[in-house]
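Visitor: quick one: sequence plus predicted model below, questions after.
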Amino acid sequence: MIETSEIEITFSEDDRHTEARASLTIRGATFIGTGRARRHPADPNMPMVGEELAAGRALSDLSHQLVDAVTETISEREG
């Protein structure tokens with residue numbers, strides 16, 4: 001059996017912050033990870049850096065949620 005899921009990452013940003021939201025639905029359960037990057041005022045404005053950092057943090061948050069969910073499922077089944 002092969003299952004395919006897609007992760008959607010959306011960004012919102014201003015001149016100092018970039019926020020990312022990573023969303024994944026697996027078998028009807030939706031998980032949403034968030035990440036944020038902040039640009040120091042002295043740093044050059046490089047939106048790609050903020051997006052990559054915020055996306056990485058959102059995906060990290062998402063992965064932790066997935067591990068927590070499966071740990072909870074295993075604990076429930078083992079009693």
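Guide: Alright, I've got the coordinates.
Visitor: OK, contacts around the residue minimising distance to the centre of the chain?
Guide: Centrality entry for the chain: nearest residue to the mean C-alpha point is residue 58, 2.4 Å, by C-alpha atoms, centre = their mean. By C-beta atoms under 8 Å, 6 or more residues apart in numbering, the contact set of residue 58 is 9, 20-22, 33-35. Heads up, the C-betas are built off the backbone N, CA and C, glycines and all.
Visitor: give me the buried positions along the helix or strand where it lies.
Guide: Residue 58 belongs to helix 47-78 when assigned by DSSP states H and E. Applying a neighbour-count criterion of 16 or more other C-beta atoms under 10 Å, one finds 50-51, 53-55, 57-59, 61-62 buried in helix 47-78.
Visitor: returning to what we had before: could I have the PyMOL command that selects the buried members from the contacts of residue 58?
Guide: The buried residues among these can be selected in PyMOL (16+ other C-beta under 10 Å) with this line:
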select buried, resi 9+20+21+22+33+35
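Visitor: which of the contacts of residue 58 lies closest to residue 3?
Guide: The shortest approach to residue 3 among the contacts of residue 58 belongs to residue 22, at 18.3 Å (C-beta to C-beta).
Visitor: tell me the strands beside the helix or strand that contains the closest one, with direction?
Guide: Residue 22 belongs to strand 17-26 when elements are defined using DSSP H and E. Here strand 17-26 has these sheet partners by DSSP bridges: strand 7-13 (antiparallel), strand 29-38 (antiparallel).
Visitor: do you know which of those lies nearest residue 70?
Guide: Closest among these, using C-beta to C-beta: strand 29-38, at 10.7 Å.
Visitor: returning to that earlier point: redo the strands paired with strand 17-26 as CSV? Include distance to residue 69 and mean pLDDT.
Guide: Converted to CSV, the strands paired with strand 17-26 look like this (distance: least, C-beta to C-beta, whole Å; pLDDT from 0 to 100):
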stretch, distance to residue 69, mean pLDDT
strand 7-13, 15, 97
strand 29-38, 7, 97
